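Engineer: Give the three-dimensional model of this entry:
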Amino acid sequence: MTANEIRRTFLDFFKSKGHEIVPSAPMVVKNDPTLMFINSGMAPFKDWFLGNAPIKWPRVADTQKCLRVSGKHNDLEEVGVDTYHHTMFEMLGNWSFGDYFKKEAIAWSWELLTEVYKLPKDRLYVTVFEGSKDDNLAFDQEAFDLWKQFVPENHILKGNKKDNFWEMGDTGPCGPCSEIHFDSRSDEERAKTDGALLVNNDHPQVIEIWNNVFMEFERKADGSLVKLPKQHVDTGMGFERLVRVMQGKTSNYDTDVFMPLIRSIEKITGVQYGGTDSKQDIAIRVLSDHIRTISFAIADGQLPSNTGAGYVIRRILRRAARYYYSFLNAKEPVLCRMVEALAAEMGEFFPELRKQQQLITNVIEEEEKSFLRTLASGIARFEDYAGKNKGKNIDGFFAFELYDTFGFPIDLTQLLARELNVSVDMESFNQHLKEQKDRSRAATAIDTDDWVELKKDASTEFVGYAHTECDANIVRYRRIKAKGKESYQLVLDKTPFYAESGGQVGDTGVLDSANESVRVIDTKKENGVIVHFVEKLPEDISKTFRATVTTAKRRNTEAHHSATHLLHAALRKVLGTHVEQKGSLVNEEYLRFDFSHFQKVSDDEIAEIEKIVNTKIRENIAADIREMGIEDAKKRGAMALFGEKYGDVVRVVAFDDNYSVELCGGTHVKATGQLGLFKIISEGATAAGIRRIEAISGERAEKFVNEQQQLVGELKAALKNPKDVVKSVQQLLDEKKNLEKQVEVLMREKAKIIRAELAAKATNVNGVNFISEKIELNNTDAIKDLAYQLKDQIESLFLVLGAEVNGKASLTILVSDNLVKEKSLDAGKIIRELAKEIQGGGGGQPFFATSGGNNPAGIEKALAKAKDFVK
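Structural biologist: Just a heads-up that it's a prediction; the model follows:
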């Protein structure tokens with residue numbers, strides 16, 4: 001069977017067992033502070049397990065895109081080195097939400113594997129939970145007895161808490177699990193060593209293929225376990241591992257999941273997979289794995305960046321680039337050229353790859369080019385350091401600085417060091433790395449208590465679309481502590497506060513009772529629950545509060561949100577229907593809109609976009625907002641965004657069905673006329689193929705126009721109210737340019753005089769022509785020119801010049817090339833010492849360096865100190 005047939009067979013099997021087949025959720029997680037990426041098949045259903053969202057179907061099956069590179073499930077460094085770990089992987093899963101439990105789950109998994117897929121029964125082993133004294137949990141006798149119906153007892157193994165008690169994270173749903181392992185060794189090897197001894201022992205040919213998790217508990221922040229309201233089944237079968245077993249391969253990478261990508265790498269690099277060089281094979285596996293992760297993340301709306309989820313994607317991309325640069329001798333982008341093969345292979349089941357193929361390719365290519373420049377720069381820095389420290393081991397702090405400041409990989413530093421027969425002080429490097437991680441961890445550490453429930457199983461009614469205030473009661477709260485500051489989070493039974501979502505910031509406001517007022521400083525969603533952030537806990541939490549949103553902030557925010565919809569439609573009208581939203585921020589100050597487009601938006605296009613939006617504002621189009629089924633919304637032409645997860649019932653926001661119809665959960669104006677005015681204030685690129693527009697509307701746009709009008713008025717007054725302001729400014733610029741040319745001529749003449757005076761003052765100190773003088777030149781470029789002219793005129797020159805430039809101290813050092821070699825004079829090191837006298841810092845190269853400082857009075861002392869370096 002092909003990979004696509006294996007995937008389809010799984011879904012068809014569980015459909016026949018009464019399961020609803022649902023599409024994969026986006027791999028990138030939004031509106032959940034506990035997760036950056038979907039890291040397991042159950043993650044999209046977490047709210048169902050916790051009771052925070054209604055259960056739509058009691059039985060579900062799917063194939064879910066997952067990513068594991070950070071946190072509890074960190075497989076990154078194993079990827080490519082072995083043949084069965086991956087960053088992005090598909091998890092085939094079947095789920096029961098309070099319906100069937102262990103009996104059906106175990107029976108169906110055995111039926112599918114042995115009767116449908118026809119896997120040999122004697123190669124299968126199963127594990128059951130042995131129990132845990134720490135958690136007061138007994139041996140899973142029920143699972144053991146159920147497996148005995150199908151499997152001989154010597155193939156049923158007890159597993160410890162690490163392997164057979166599944167937990168999503170430090171808190172959340174969890175329960176005992178029963179794994180199914182497959183022994184793909186040859187008959188000869190199996191005869192020598194019992195497969196039972198190799199289960200869960202990292203043997204590359206005895207691997208877990210399926211895990212049946214029996215969700216019974218929730219892990220609390222204090223480590224305790226509480227029973228979930230209902231028992232659930234969560235199973236996950238690694239698609240790539242299953243295909244490997246089904247196709248009789250000993251490596252996941254030898255299957256038709258990866259081979260098309262590997263063939264693509266061979267064609268691009270000219271390096272054949274499966275050769276004699278194991279490092280090249282590892283590199284090829286790394287590339288074939290990582291291209292999937294990077295491409296799916298971009299397709300789901302996550303671009304590489306320096307923070308959060310974007311940083312993880314950038315890190316994965318750079319790991320791949322590092323491997324092809326180091327081991328495949330590829331110095332030009334490779335990953336971007338693999339996207340076509342990936343889209344051809346997986347695009348049928350995941351259409352987002354084909355639809356966004358060009359964008360994915362462009363973004364990856366730009367990232368690769370940037371990192372390849374980083375590598376070239378890092379190598380140059382390494383060579384410069386090694387040249388000055390010949391034969392010496394590489395200092396750990398220097399290696400860390402290369403890694404942390406310049407993004408240069410430590411293993412590449414080690415490789416370069418080995419080529420010079422020296423080593424890197426890894427103990428020192430790791431210490432600096434640990435200190436940095438500790439600082440980062442301390443800065444972001446949040447200590448969160450368990451929820452204190454005042455009203456059991458209470459839900460929150462959101463009334464914020466129609467109202468900005470209502471009566472509310474606290475149903476649960478918890479304490480949080482971050483950076484030493486204590487605050488609280490509240491959940492209300494009814495709230496007008498909009499929780500941050502879809503780019504729109506969360507509401508702020510107050511909770512008032514007869515005796516006190518508590519500020520709500522932010523509102524967010526966590527696991528589908530609206531959480532209100534407050535600086536203190538109300539004194540009497542049992543009271544009824546008046547929850548009131550800050551209306552001015554809400555009004556300006558929703559004006560910008562509605563303006564975003566009008567802008568999106570105008571962009572598609574002016575630039576083309578290829579324009580799609582790639583990110584947004586909507587707050588009271590402005591709107592930020594990222595969209596796919598492959599060139600700068602011209603001034604004429606911006607003017608046309610503004611004109612269309614402002615026309616729609618003047619038409620005062622009423623907002624048509626209603627809920628409907630997802631299929632009805634699509635028929636109506638509503639735009640859905642890649643990377644967003646939509647339910648069966650969606651909220652549609654329309655401003656004229658022929659202009660703007662979008663799926664949106666945000667708050668909006670009642671009619672476009674409330675926006676008053678729309679103005680674009682900036683346009684630029686954020687990544688290859690991604691443009692960003694920032695704009696304002698409503699009160700902010702009115703304020704902007706008034707400020708611009710005032711600025712023009714002040715400018716006219718300063719220019720004595722000319723009829724043509726532009727012409728008057730241009731005349732001033734022309735006059736300035738002419739005066740600068742005159743000053744330049746005068747400075748050159750002055751520099752000639754100073755050069756002659758300085759040359760006459762040169763004194764020979766131990767074979768060095770030494771000049772150390774303060775000069776009257778108020779221009780650093782002129783001082784640099786003067787220094788190089790003296791270098792051409794005087795041999796073996798050590799020159800130190802001081803000057804006041806625009807009220808600041810300036811030092812310049814020039815050393816002749818022969819003195820750098822023969823006397824080991826280093827201008828860069830010397831300038832750092834002298835700069836202390838002028839309260840400044842500086843740097844440069846061994847032959848030329850400069851410094852600026854805040855203490856002109858220290859120039860003379862610095863010049864006198866310079867002579868110490870040639871005595």
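Engineer: So Lys17: helix, strand or coil?
Structural biologist: Here Lys17 is recorded as coil under DSSP: H, G, I helix; E, B strand; the rest coil.
Engineer: can you tell me how far it sits from Ala25?
Structural biologist: Lys17 sits 22 Å away from Ala25, going by C-beta to C-beta, to the nearest Å. Just so you know, the C-beta spots here come from the backbone N, C-alpha and C atoms, and that holds for glycine as well.
Engineer: Between those two, which has more neighbouring residues?
Structural biologist: A count of neighbours by other C-beta atoms under 10 Å puts Ala25 above the other of Lys17 and Ala25, at 20 against 14.
Engineer: ok, now how distant is the spatially closest residue to the more buried one that is not a sequence neighbour from Lys355?
Structural biologist: Once flanking residues are discounted, Ala25 sits nearest to Pro44: 3.9 Å by C-beta to C-beta, 6 or more residues apart in numbering. Pro44 sits 21 Å away from Lys355 when distances are taken as C-beta to C-beta.
Engineer: re earlier: can you pull the contacts of the residue nearest to Ala25?
Structural biologist: Ala25, Ile38, Gln64, Lys645 (C-beta atoms under 8 Å, 6 or more residues apart in numbering).
Engineer: Name the nearest of those residues relative to Leu567.
Structural biologist: The closest of the contacts of Pro44 to Leu567 turns out to be Lys645 (C-beta to C-beta; 23.9 Å).
Engineer: quick one, what contacts the residue lying closest to Ile630 once chain neighbours are set aside?
Structural biologist: Among residues not flanking Ile630 along the chain, Val650 sits closest, at 5.2 Å (C-beta to C-beta, 6+ apart). By C-beta under 8 Å, 6+ apart, the residues touching Val650 are Glu627, Met628, Gly629, Ile630, Ala633, Ala638, Leu663.
Engineer: How about Trp108?
Structural biologist: By C-beta under 8 Å, 6+ apart, the contact set of Trp108 is Phe13, Phe14, Lys17, Asn94.
Engineer: Report the buried members of these.
Structural biologist: Buried members of those, scored by 16 or more other C-beta atoms under 10 Å, are Phe13, Phe14, Asn94.
Engineer: Out of the contacts of Pro44, which is nearest to Gln731?
Structural biologist: Closest to Gln731 out of the contacts of Pro44 is Lys645 (59.6 Å), distances taken as C-beta to C-beta.
Engineer: Tell me the buried residues in stretch 841-852?
Structural biologist: By 16+ other C-beta under 10 Å, the buried positions in stretch 841-852 come out as Gly842, Gly844, Pro846, Phe847, Phe848, Ala849, Thr850, Ser851, Gly852.
Engineer: any chance of those residues in CSV, plus pLDDT?
Structural biologist: Output for these, formatted as CSV (pLDDT from 0 to 100):
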residue, pLDDT
Gly842, 80
Gly844, 85
Pro846, 90
Phe847, 93
Phe848, 94
Ala849, 93
Thr850, 94
Ser851, 93
Gly852, 92
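Engineer: Narrow those residues to those in strands?
Structural biologist: Cross-referencing the buried residues of stretch 841-852 against strands under DSSP state E gives Gly842, Gly844, Phe848, Ala849, Thr850, Ser851, Gly852.
Engineer: got a markdown table for those residues, with distance to Phe182 too?
Structural biologist: As requested, those are exported to a markdown table (distance: C-beta to C-beta, whole Å):
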| residue | distance to Phe182 |
| --- | --- |
| Gly842 | 64 |
| Gly844 | 63 |
| Phe848 | 66 |
| Ala849 | 65 |
| Thr850 | 67 |
| Ser851 | 67 |
| Gly852 | 68 |
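Engineer: Now for the residues you listed: which two are most distant?
Structural biologist: Spanning the widest gap among those are Phe848 and Gly852, at 15.0 Å by C-beta to C-beta.
Engineer: show me the contacts for Val337.
Structural biologist: Just so we're on the same page, residue 337 is Arg rather than Val. Applying C-beta under 8 Å, 6+ apart, we find Arg337 in contact with Ser264, Ile268.
Engineer: Make sure it is indeed in a helix.
Structural biologist: Yes: applying three-state DSSP, one finds Arg337 inside a helix.
Engineer: Please report the distance of it from Ile265.
Structural biologist: Distance, Arg337 to Ile265, using C-beta to C-beta: 9 Å.
Engineer: Look at Leu834 and give its secondary structure.
Structural biologist: Put simply, Leu834 is helix when judged by three-state DSSP.
Engineer: Give me the neighbour count for it.
Structural biologist: Leu834 has 28 neighbouring residues, counting by other C-beta under 10 Å.
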